[in-house]
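**Student:** 3D model of this:
(one chain, ligands or ions: 1)
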Amino acid sequence: MTAPASAPGKTPELLLEVRGLLSQFGERVIHENLDLELERGEVLGVVGGSGSGKTVLLNSIIGLKEPEGGTVSVLGYDRATMTAAQEADIERRTGILFQQGALFSALSVIENVASPLVEHTSLPKDVIRELAEMKIAMVGLKPESHHLKPAELSGGMRKRVGLARALALDPELLFLDEPTAGLDPIGAGAFDELIRRLSDDLGLTVFMITHDLDSLYAITDKVAVVADKRIVAKATVQELERSDHPWIREYFLGPRGRAADKAA
Ligand SMILES: Nc1ncnc2c1ncn2[C@@H]1O[C@H](COP(=O)(O)OP(=O)(O)OP(=O)(O)O)[C@@H](O)[C@H]1O
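**Tutor:** So this is what the prediction gives:
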């Protein structure tokens, strides 16, 4: 069992605060009045139907999409008013694992993992190399992988390299976009375990978009549900199983949901 995200009686520290988010593409409204909070130490799963706006939400949080309304604060900085130095601070203190890994295809595994250290620190080359080697070991890859190029890796290995790179700068906040998509159930289970262990050992706060019910049961503290253009619920999976919302009921109490519950 993991410790609760915040001690009782203590005001939780919010690493992420989204208020009244409005997201649009032309006339098309994706989010309206969306609120979401993430406390330090929390592992949050983000679910929702296909096209419900999970990736657009992630992009609004990490600064890839400008919101049409509302506020987005990351690590206490308001995205709309932050300075370039504050934005760089966020970049240093957050890690992102994109769905396809987004590795540099021309670079080797170790060069990919080292790239944030090269960009954001002035550490000597040998120290950068050592730190990158450490992160690669941390995600369970062998030294033999160091010189391989992304095209020479399996899907699961590519995800691990992406995770090692996301962890390169020892982030406080980690964003994962469908980390187990495309992995077989055993590979996905191992990846879930890895993320939970890293979050427990390093005190990482995690925002994880997923379709994977097993992941939700295995590693999240809470799950936020994107539906009806907003977050309709943020609760534990056990609480969500008792929800009246039709999409949540179908998702958690349909045949797939029941199987994941049993396996957990
Ligand atoms: N650049 C864009 N221009 C226009 N519409 C977009 C753009 N990006 C996303 N959308 C629309 O926004 C909606 C939400 O997309 P989003 O990718 O966030 O969904 P999602 O919940 O992540 O879906 P999935 O689970 O299938 O990945 C979709 O209807 C999509 O077509």
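**Student:** please enumerate the helices of the chain.
**Tutor:** Using DSSP state H, the helices of the chain run over 54-62, 84-93, 109-120, 125-138, 155-166, 185-202, 213-219, 237-240, 246-253, 255-263.
**Student:** just want the angle from the second one to helix 109-120.
**Tutor:** In this case it means helix 84-93. Direction vectors for helix 84-93 and helix 109-120, defined by axes from the mean of the first three to the mean of the last three Cα atoms, to 10 degrees, enclose an angle of 150 degrees.
**Student:** before we move on, what about the fifth one?
**Tutor:** Angle of helix 155-166 versus helix 109-120, following the same axes, to 10 degrees, is 20 degrees.
**Student:** helix 155-166 packs against which elements?
**Tutor:** Packed against helix 155-166, as judged by 3 or more Cβ pairs under 8 Å, 6 or more residues apart in numbering; DSSP states H and E, are the following elements: strand 94-97, helix 109-120, helix 125-138, helix 185-202. In this view, the C-beta of every residue, glycine as well, is placed from N, C-alpha and C.
**Student:** highest average neighbour count across the ones you listed?
**Tutor:** Among the helices and strands packed on helix 155-166, judged by mean count of other Cβ atoms under 10 Å, the one packed with the most neighbours on average is strand 94-97 (a mean of 22).
**Student:** any idea how far it is from the middle of the chain?
**Tutor:** Taking Cα atoms, centre = their mean, to the nearest Å, one finds the center of strand 94-97 at 7 Å from the center of the full chain.
**Student:** any idea which of the helices and strands packed on helix 155-166 scores lowest on pLDDT?
**Tutor:** Comparing mean pLDDT over the helices and strands packed on helix 155-166, the weakest stretch is helix 185-202, at a mean of 84.
**Student:** send the alpha carbons of that one over as PDB?
**Tutor:** What follows is helix 185-202 as a C-alpha-only set of coordinates in PDB (Å, rounded to 0.1, in the frame of the first residue of the first chain):
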ATOM      1  CA  PRO A 185      -0.300  -7.900 -21.100                       C
ATOM      2  CA  ILE A 186       2.900  -9.200 -19.500                       C
ATOM      3  CA  GLY A 187       4.900  -6.200 -20.800                       C
ATOM      4  CA  ALA A 188       2.200  -3.800 -19.700                       C
ATOM      5  CA  GLY A 189       2.000  -5.300 -16.200                       C
ATOM      6  CA  ALA A 190       5.800  -5.000 -15.800                       C
ATOM      7  CA  PHE A 191       5.700  -1.400 -17.000                       C
ATOM      8  CA  ASP A 192       2.900  -0.600 -14.500                       C
ATOM      9  CA  GLU A 193       4.900  -2.100 -11.700                       C
ATOM     10  CA  LEU A 194       7.900  -0.100 -12.800                       C
ATOM     11  CA  ILE A 195       5.900   3.200 -12.700                       C
ATOM     12  CA  ARG A 196       4.400   2.400  -9.300                       C
ATOM     13  CA  ARG A 197       7.800   1.500  -7.800                       C
ATOM     14  CA  LEU A 198       9.400   4.700  -9.200                       C
ATOM     15  CA  SER A 199       6.600   6.700  -7.800                       C
ATOM     16  CA  ASP A 200       6.900   5.100  -4.400                       C
ATOM     17  CA  ASP A 201      10.700   5.200  -4.300                       C
ATOM     18  CA  LEU A 202      11.200   8.700  -5.800                       C
END
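**Student:** tell me which residues are up against it.
**Tutor:** Applying Cβ atoms under 8 Å, 6 or more residues apart in numbering, the set of residues contacting helix 185-202 from outside is 2, 43, 138-140, 155-156, 159-160, 163, 167, 170, 174, 176, 179-180, 183, 204-206, 208, 212, 214-215, 218-219.
**Student:** figure out which of the helices and strands packed on helix 155-166 is closest to the ligand.
**Tutor:** Set against the ligand and scored by Cβ to the nearest ligand atom, the helices and strands packed on helix 155-166 come closest in strand 94-97, at 14.8 Å.
**Student:** which bits of the stretch 51-200 of the chain sit near the ligand?
**Tutor:** For the stretch 51-200 of the chain, the residues in contact with the ligand under the definition Cβ under 6 Å from any ligand atom are 51-56.
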